[in-house]
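pasting a predicted model and its sequence here:
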Amino acid sequence: MKVVIVGGVAGGASVAARVRRIDEQAEIKVFERGEFISYSNCSLPYYLGGLVESAGALVMMTPERFKAQHNVDVFVNSEVTAIHRDRKTVTVKDVLTGEKREESYDKLVLAPGASPIMPKSIKGIDRDHVFSIRGVGDVVGIENQMRQAGTKNVVVVGGGFIGVETAENLVHAGVHVSLIEGLGQIMAPFDDDMVQILHKCLMDHGIDLYLNSTVTAIEDGHVVAEKDGVAFEVPAETVIMAIGVAPETRLAVDAGLEIGATRGIKVNRSFQTTDPDIYAVGDAVEIFNRQTGKPGRLALAGPAQMEARIAAGHMYGSDEEYQGFIGSSCIRIFELNAASTGLNEKTAAAAGIACDNVLVFPSDSVGIMPNSNYMAFKLIFEVPSGKILGAQSIGTGDADKRIDAIAALISRGGDIKAIKEYEHCYAPLFSTAKDVVHMAGLVAENILTGKLKQVHVCEVRGLVENGAFIVDVREPGEYAAGHLKTAVNIPLSQFRGRLSEIPKDVPVYLHCRSSQRSYYAYRCLVGNGYENVKNISGSYLGISLYEYFRDVKLGREPIMTAYNFD
C-alpha cells in the first residue's frame, strides 16, 4: 500500500510512524510545506522565556532520522496544492523552486493543521513587528525583532493557552507585557470563580491585563484598543497575535470533501472523510464531544496522536472507533498549575444539562510538609443523577494529577459515588489521606443528598449588600485580619456556647477560611433545630480570590475589610 500524508507534526508524523509499525512493506511519503517535519509546537513559547535554550531543541525529528528509523520518505518545503480524487493523485509544489509534480496514493491522509487567526480588520496587522506563533521560525523571528528593536513593551493579544504562556515567558525574558483579551476572562475552560485566581496571578507578576477589550489598530510603538466604545493606547514595540486558530481546509474544500458545522473537515469515527480513501486528523478536523455529542474541534497534540493511531489502524482493517473528546488540558502560569477536564458551568448550561458544583480549598499535601499549600478544586456534577461532568483545579501542587483522575472517571461514566471509592496513592509529601478529589466528592454527595445546602461565592456580594446574617466561624485573630463587613464572628471553638446569638427566624449563612470548619458549624446548627442554614462554598479564601480582581480593576466598593489569599 502507498500512503501519502499531507503535513507532519503530531498528526501526520504519528500516522506515518503507526503505518510503518503495522506494515513494513508500505510505501509512505510525507509532504510538509514548512521547514520542519516534527517540532514541539506546544513548547514554542518556552523558547522566548529561555526554558528551551535553543531553537534546534524544538525540532523533534528530521527527515533523515525519520528515514533511518522508520523508512519513511519525508519531503519538507513541499506543499500539496491539489487533490485529484478521480485519479488518486496529489499535486506537490516545491516551495523553494516552484516546481510541481504529481504523486499517486492508495490512501491519503490530511494533517494540514490550523493557521493563526490574523484579522484583516485590524489596521496595521501586516506590520513587521506583528507576529503569530505557529512554528519555530515564528519564535526565532520574535526574538530577533525584540533584540533589534530594543523592545521594552510587548502586547500579547489573546488570553488562551498560547497567549498566556507567551505572556509569562516574555516576563521571564525581562520585558513589560500587556495582555489584551476580547472576552471577560482568560482561559475559557475555567469558570468565572476559578479564573479569578489566574487573573490575580498575572497581575501579581506585573502583567497589565485588559479584558473585554478589542484591538482595532497596531501603530509604531503602540496598540490601539477599545473597551465599551472607548479607545485607549497600550505601548508596544512588538505585538504577538494569539486569538485562536482556524482549520486549514482549503485542500479538502477544493477536493469536494465535506466540511462540518465547526468548519473543520468532516470525518467519521475512523477519521475517514467523505472519500473513503482520504483520511484527516489533527487540528483541521471536526470531532465531537463525548458528553454532549455536539461537534467541536480540539487543537491539542494528544488527541491528534490518538486520531492518527485510529486512522492508521482503520486502513488495515481495525474496527477501533473514536469515542469523542472530553477536553482535558493543563497549563503552568508562573507558580500556579491549572488544569481542567470535561464540561464547565457554561458548557453544561449550553448543552441543557442541569448541574451543580462544589468549590473546595483543601491542602494538597499534609500541612506540616514543606511546600504544602491549598488547592482550589471545583467539581461540576449532574443533578439529580450525580454523574460527573467536569472539574477544574488550580494550585502550586499537582493540579494535573487530580484532573487526570476525574478525566478517567468521566471516561467511564462515573458519578459522585465513584469519587468516594476512588483509591489514590498517599504519602504526606504527595497528598493528604483524604485527597483533594475525595473532599470535593464528599461535599458533592452531601449536596446531592440534602445533608448540606450551600451558596456559591458569586452570590456573597448580594448577601452582604442586603444585610444577610453571616456568621464567620474563624478564630478572632483570623477575623481581625480581614472579614466580610457584615459578618458576625462566632468562632467554632466557642460555637456551641453561643448558639443563643444565632437567630432561627432568618436565613443563616456560615463561612470559615475554606468551608470545612463552617460545615462543622452547619451540622451543629441543623442538629439543634435550625432549618434555614447554608454554607458558603469556598468560604473566605474563595470570596477573596473571587472579589479581588473585580474590586481592583472595576473599582467596586469592597465587601470585605481585607483580602486573604493564604
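Done, it's in. Just so it is clear, the model here is predicted, and its values are computed rather than measured.

low-confidence regions, the protein specifically.
Low-confidence segments of the chain, defined by pLDDT under 70: none present.

repeat the analysis, applying 80 as the threshold.
When residues are selected by pLDDT under 80, those of the chain lie in 38, 300, 553-554.

and the residue of it most remote from its centre, how far from I490?
The outermost residue of the chain, judged against the average C-alpha position, is S500 (47.8 Å), by Cα atoms, centre = their mean. Distance from S500 to I490, counting by Cβ to Cβ, to the nearest Å: 10 Å. The C-beta positions use only the backbone N, C-alpha and C, and glycine is treated the same way.

what about stretch 3-10, start to end distance?
One end of stretch 3-10 sits 17 Å from the other (Cα to Cα, to the nearest Å).

stretch 132-140 too?
Stretch 132-140 has its terminal residues 11 Å apart, counting by Cα to Cα.

list the contacts of it.
Contacts with stretch 132-140, where a contact means Cβ atoms under 8 Å, 6 or more residues apart in numbering, come from 34-36, 39, 41, 44-45, 47-48, 55, 58-59, 115-116, 118, 131, 142, 162, 166, 240-242.

kindly write the PyMOL command that selects the buried subset of those residues.
Filtering those down to the buried ones (16 or more other Cβ atoms under 10 Å) takes a single PyMOL command:
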select buried, resi 34+36+39+41+44+45+47+48+58+59+116+131+142+162+166+240+241+242
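
which ones among the contacts of stretch 132-140 are found in helices?
If you go by DSSP state H, the contacts of stretch 132-140 have 44-45, 47-48, 142, 162, 166 in helices.

distance to I125 for those - can I get that in CSV?
Formatted as CSV, the ones in helices among the contacts of stretch 132-140 follow (distance: Cβ to Cβ, whole Å):
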residue, distance to I125
L44, 20
P45, 21
Y47, 23
L48, 21
I142, 16
I162, 17
T166, 17
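
out of the residues you listed, flag the one nearest to I353.
Among the ones in helices among the contacts of stretch 132-140, I162 lies closest to I353 (Cβ to Cβ), at 29.3 Å.

contacts only, for the residue lying closest to the closest one once chain neighbours are set aside.
Closest residue in space to I162, ignoring its immediate chain neighbours: A242 at 4.5 Å, by Cβ to Cβ, 6 or more residues apart in numbering. By Cβ under 8 Å, 6+ apart, the residues touching A242 are 116, 132-133, 156-158, 160, 162-163, 166.

if we go to 10 Å?
If you count contacts by Cβ atoms under 10 Å, 6 or more residues apart in numbering, A242 has them with 45, 116-117, 131-133, 156-167, 179, 181.

and if you look at M61?
By Cβ under 10 Å, 6+ apart, the contact list for M61 reads 8-9, 13, 16-17, 36-39, 69-70, 72, 74.

report the beta-bridge partners for it.
Beta bridges link M61 to S38, judged by DSSP bridges.

how much space between the residue lying closest to Y426 once chain neighbours are set aside and V139?
Distance criterion Cβ to Cβ, 6+ apart; nearest residue to Y426, sequence neighbours excluded, is A433 at 5.5 Å. A433 sits at a distance of 44 Å from V139 (criterion: Cβ to Cβ).
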